[in-house]
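Undergrad: I need the structure of the sequence given here:
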Amino acid sequence: MLVASLGAAVVISLLAGWAISRTGDGADTDPLDAVLDTPGTAQIPGIETNDQVDGDPLPSIDLFTNAGDAINTDDLLGQPLVINLWYSTCEPCKRELPAFAEVQAEYGDRVRFVGVNPRDVPETNESFARERGVRYELLLDRDGALTVELGVARFPSTFFVAADGTIVRQSGVLEADDLRTYVEELLA
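TA: Okay, the predicted model is just below:
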């Protein structure tokens, strides 16, 4: 009798819960459906989710060498500049670093290349990039100030900056040929 009473109580509880959940507005809709006040679409994070900064001046931000010395982004200006924001556990960053090393070897006398890392410790920043052939300047965005000011939501992100400090292009993952094309445009 005890088992039968418990069984009946469970069945009644389940039926009552179901009935309560089906009452009120929207009883005929799936509870996982969402209704927006204003129609829209979801955007999967990509380079498109980064702020558009083309035409803006490069923000004046202190970055740091692996030794801990501060370098302001203003000190990077004076010649065309390519700033690549990356970090070691970013798979697309791993794939594109050799292309950056290759193109920098070709244009490094006319364009300054700088790698900026917002996540890794100095040792990882240095060893990871060097293992992939990178020989250009590596800096740390320790507090994420440059990342925030540039509105970066997705890595890698690369910024092509004119000698006067104007950001002329931004890009996501790059192959060597695209990187060369953008560097040539920067030099034009």
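Undergrad: can you give me the strands for the protein?
TA: For the chain, the strands defined by DSSP state E cover 62-64, 70-72, 81-85, 112-117, 137-140, 157-161, 167-171.
Undergrad: could those strands go into TSV alongside mean neighbour count, distance to residue 51 and mean pLDDT?
TA: The C-beta positions use only the backbone N, C-alpha and C, and glycine is treated the same way. Output for the strands of the chain, formatted as TSV (neighbours: other C-beta atoms under 10 Å; distance: least, C-beta to C-beta, whole Å; pLDDT from 0 to 100):
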stretch	mean neighbour count	distance to residue 51	mean pLDDT
strand 62-64	20	19	98
strand 70-72	13	21	98
strand 81-85	24	13	98
strand 112-117	24	16	98
strand 137-140	21	21	98
strand 157-161	23	10	97
strand 167-171	18	9	94
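Undergrad: Tabulate those strands (CSV), appending distance to residue 5.
TA: Shown next, in CSV, are the strands of the chain (distance: least, C-beta to C-beta, whole Å):
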stretch, distance to residue 5
strand 62-64, 71
strand 70-72, 75
strand 81-85, 66
strand 112-117, 66
strand 137-140, 68
strand 157-161, 65
strand 167-171, 69
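Undergrad: By mean pLDDT, point me to the weakest helix or strand of the protein.
TA: helix 2-21 (a mean of 68; mean pLDDT, DSSP states H and E).
Undergrad: Enumerate every residue touching the closest residue to residue 169 other than its chain neighbours.
TA: Counting by C-beta to C-beta, 6 or more residues apart in numbering, residue 160 is the residue found nearest to residue 169 once chain neighbours are left out, at 4.2 Å. The neighbours of residue 160, taking C-beta atoms under 8 Å, 6 or more residues apart in numbering as the test, are 80, 81, 82, 167, 168, 169, 170, 171, 182, 183, 185, 186.
Undergrad: hey, what's residue 160 bridged with?
TA: residue 82, residue 169 (DSSP bridges).
Undergrad: List just the nearest of the contacts of residue 160 to residue 132.
TA: residue 82 (16.0 Å; C-beta to C-beta).
Undergrad: That'll do, ta.
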